[in-house]
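# predicted coordinates and the sequence they were generated for:
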Amino acid sequence: MWVRIERSRENLFTVTATSQELSALVAGARMALEAMRSAPEPPPPAAAVELLERVLREFDIARERLAGGPPGGG
């Protein structure tokens, strides 16, 4: 299966991916965040770091919800 991206409306996309494809994308995002956090001077833009942190946090919450577990692991 190929990753498929559809534009649902302006600034909203629907992505269809296998679990392995999604895992690879999220792992890449986590690696990028870690690289940004440990970047030498000059630091990356704070807004970019905050956005990536928020997206990954919301992904983790959504994944927990999908699995039927409590948000935040508590």
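Looks like it came in fine. Numbers count the residues shown, from 1 in each chain.
# who's in contact with the residue nearest the centre of the chain?
Computing the C-alpha centroid of the chain and ranking residues by Cα atoms, centre = their mean puts residue 56 first, at 4.1 Å. Residue 56 makes contact with 26, 29, 30, 33, according to Cβ atoms under 8 Å, 6 or more residues apart in numbering. No exception for glycine: its C-beta is placed from N, CA and C like everyone else's.
# can you list the residue ranges for strands in the chain?
Along the chain, counting by DSSP state E, strands occupy 4-9, 12-16.
# give the burial count for the closest residue to residue 49 other than its chain neighbours, as a bare number.
Nearest residue to residue 49, sequence neighbours excluded (Cβ to Cβ, 6 or more residues apart in numbering): residue 36, at 5.2 Å. Residue 36: 16 surrounding residues under other Cβ atoms under 10 Å.
# swap in residue 64?
Number of residues near residue 64 (other Cβ under 10 Å) recorded here: 14.
# what's around the residue nearest to residue 32 when sequence neighbours are not counted, how many residues?
Leaving aside its chain neighbours, residue 32 sits nearest to residue 52 (6.7 Å; criterion: Cβ to Cβ, 6+ apart). Summarising burial for residue 52: neighbours were counted as other Cβ under 10 Å, giving 17.
# remind me, longest helix of this structure?
Among the elements of type helix in the chain, defined by DSSP state H, the one spanning the most residues is helix 46-67.
# got the buried residues for that helix?
When neighbours are counted by 16 or more other Cβ atoms under 10 Å, the buried residues of helix 46-67 are found to be 49, 52.
# since that was my last question, I'll sign off now.
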